[in-house]
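A.B. asks: One predicted model, sequence on top.
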Amino acid sequence: MDWLKTAQSREQELVAELQQLIQIESILDEENATDVVPFGDGPLAALSFMLDKGAEQGMTVKNIDNMAGHIEMGEGEDLLGILCHVDVVPVGSDWTYPPFEGRVVDGKLFGRGAIDDKGPTMAAWLAMKMIKDAGIPLNKRVRMIIGSDEESGFRCVDRYFEKEEMPGIGFAPDADFPLINAEKGIAHIVFSQKARRHAEEQLISFQSGKRTNMVPDKAIASLQKISENAELNFRKFLLENDAEGSFAEQGERYIISIKGKSAHAMEPQKGRNAAVLLSKFLSTELEAGAGYDFANFMVELFDGDHYGSALSLNFSDEMSGQTTLNPGIVTFGDNGGSIEVSMRYAVSYPFEEKMTQAQQLLGTKPFALDIADNSTPHYVSEDDELVQTLLGVYRNHTADFSKPLSTGGGTYARVMKKGVAFGMLFPGEPDVAHQADEFVIVENLVKAAAIYAEAIVKLASK
Ligand SMILES: [Zn+2]
């Protein structure tokens, strides 16, 4: 069976269905959410659209509480899951093309969700239809599981798997080719200062960052009773560190701010943390007190180091690389300092042991360490039949022999017991998910449909 040829002959149908799906504005609408319409009208309309498509094709469909659903084909004991989502993030500004149209320009289809995740969903959907029309007997059930709240916390699939069977194997067309088989653990850890601020001390407040999953690009501090040379020192600091910032006098107070560079928390080395930078300046300027301790602690832990070496939190392994720490929300006020960190730890990280050790190392230091949240790593061995089969199919179609990937981000695959992310961004393609003018290359959409069809047949028939 030449899957690519078959997919090419159905390109128009693929594009038309994707446009219809993109035209549904499936953004979470918490304000108008009810028990019946849990994520608002848009996400539910997109979910219903897919389930109607499945029913039209005579496949078994099921809706789980208007949050998620599935389209199933094939027969047998075992279940293969294909995990997709039809909700999208808000559009933002600066679009050249209408975000909810699906216009094709120079071989690219533009629209919110084109690559995340409506395009890949439609490619997988065409794959299922091609298999059905080819009359290929399946000895496993193949189930496309469709979520409508992936972008805001996975409530869709959480509910789905409370009620429905977990597939024995599965893949999620919601990331990169060749495939991602290793996802780091994601922990939210918090350092809290043990002492309070004294009313007379120099540092009054410090504020940087709103989310732990981003490198903060701005930090601002309010001070009093600073040295005569403070402004000069600050100018010098900016020059020496090739940074931008401002220094302003407001009555008795001085407001100092500094700029950094934003990046995703899974790759903190790609950004420049403004909180760390400003702390570095403050550590040379402050004389004593809780603020002084706070700035020095920040420098000791994070200046020039994204790996937590100071508390022996550093650890790397071959399957997933380095453990990284991103201090994403950093504040100081009357209650002292607080540093919220998103930590992306390697698959084989001895988490409990490392945390206990860090707490001991903190010992007499002025900060305590707490774990606010922990999502454990996800890993399917490269030798596993699932990984080998998917890699084989991908290589067949692309002659690209690159190795499976690991990520510090979480993909949809991590909700499955044995699942990997499989496409559909090809190596070297820019990742335009969540950005203005999000697009999918139509030729790649067709190619992905062929890859998915062959993968499903290889995994679910004899
Ligand atoms: Zn996605």
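C.D. replies: Nice, I can see it.

A.B. asks: which parts of the stretch 101-250 of the chain sit against the ion?
C.D. replies: Counting by CB under 5 Å from the ion, the residues of the stretch 101-250 of the chain lying close to the ion are 116-117, 174. Where you see a C-beta, it was placed from the backbone N, CA and C, and this is true even at glycine.

A.B. asks: And what about residue 414, helix, strand or coil?
C.D. replies: Secondary structure of residue 414, reduced to three states by DSSP: H, G, I helix; E, B strand; the rest coil: helix.

A.B. asks: Check the one 3 residues further on too.
C.D. replies: Following three-state DSSP, we place residue 417 in the coil state.

A.B. asks: Next up, the contacts around it.
C.D. replies: 166-168 (CB atoms under 8 Å, 6 or more residues apart in numbering).

A.B. asks: Among the residues of the stretch 101-250 of the chain next to the ion, which lie within helices?
C.D. replies: When those are checked against helices (DSSP state H), there are no matches.

A.B. asks: still on that earlier bit, quick one: the contacts of residue 417 as TSV, columns for distance to residue 355, secondary structure and pLDDT too.
C.D. replies: Listed next are the contacts of residue 417 as TSV, based on distance: CB to CB, whole Å; DSSP: H, G, I helix; E, B strand; the rest coil; pLDDT from 0 to 100:
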residue	distance to residue 355	secondary structure	pLDDT
166	29	coil	98
167	33	coil	98
168	33	coil	97
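
A.B. asks: ok, of those, which come out buried?
C.D. replies: Using 16 or more other CB atoms under 10 Å as the burial test, the contacts of residue 417 include 167-168 as buried.

A.B. asks: with the contacts of residue 417 in mind, which one is nearest to the ion?
C.D. replies: Distance to the ion across the contacts of residue 417 (CB to the ion) is lowest for residue 167, with 18.6 Å.

A.B. asks: Which of the three states applies to the closest residue to residue 339 other than its chain neighbours?
C.D. replies: The spatially closest residue to residue 339, leaving aside those adjacent along the chain, is residue 191, at 4.2 Å (CB to CB, 6 or more residues apart in numbering). Here residue 191 is recorded as strand under three-state DSSP.

A.B. asks: Residue 191 touches residue 343, doesn't it?
C.D. replies: No: in terms of CB atoms under 8 Å, residue 191 does not count as a neighbour of residue 343; the distance is 11.4 Å.

A.B. asks: What count of nearby residues applies to the closest residue to residue 178 other than its chain neighbours?
C.D. replies: Among residues not flanking residue 178 along the chain, residue 394 sits closest, at 4.9 Å (CB to CB, 6+ apart). Neighbourhood size, residue 394 [other CB atoms under 10 Å]: 24.

A.B. asks: Let's see the pLDDT reported for residue 394.
C.D. replies: Looking at residue 394, its pLDDT is 98.

A.B. asks: if I've got this straight, residue 221 is in a helix?
C.D. replies: No: Residue 221 is assigned strand when assessed by three-state DSSP, not a helix.

A.B. asks: which residues sit in contact with it?
C.D. replies: Contact analysis of residue 221 by CB under 8 Å, 6+ apart lists 203-207, 255-257, 278, 282, 332.

A.B. asks: Then residue 428?
C.D. replies: Contacts of residue 428 by CB under 8 Å, 6+ apart: none found.

A.B. asks: quick one, phi psi at the residue of the stretch 251-400 of the chain found nearest the ion?
C.D. replies: Nearest to the ion, among the residues of the stretch 251-400 of the chain, is residue 264, at 14.3 Å (CB to the ion). With angles defined as degrees, to the nearest 10, residue 264 sits at phi -70, psi 150.

A.B. asks: Thank you kindly, that will do.
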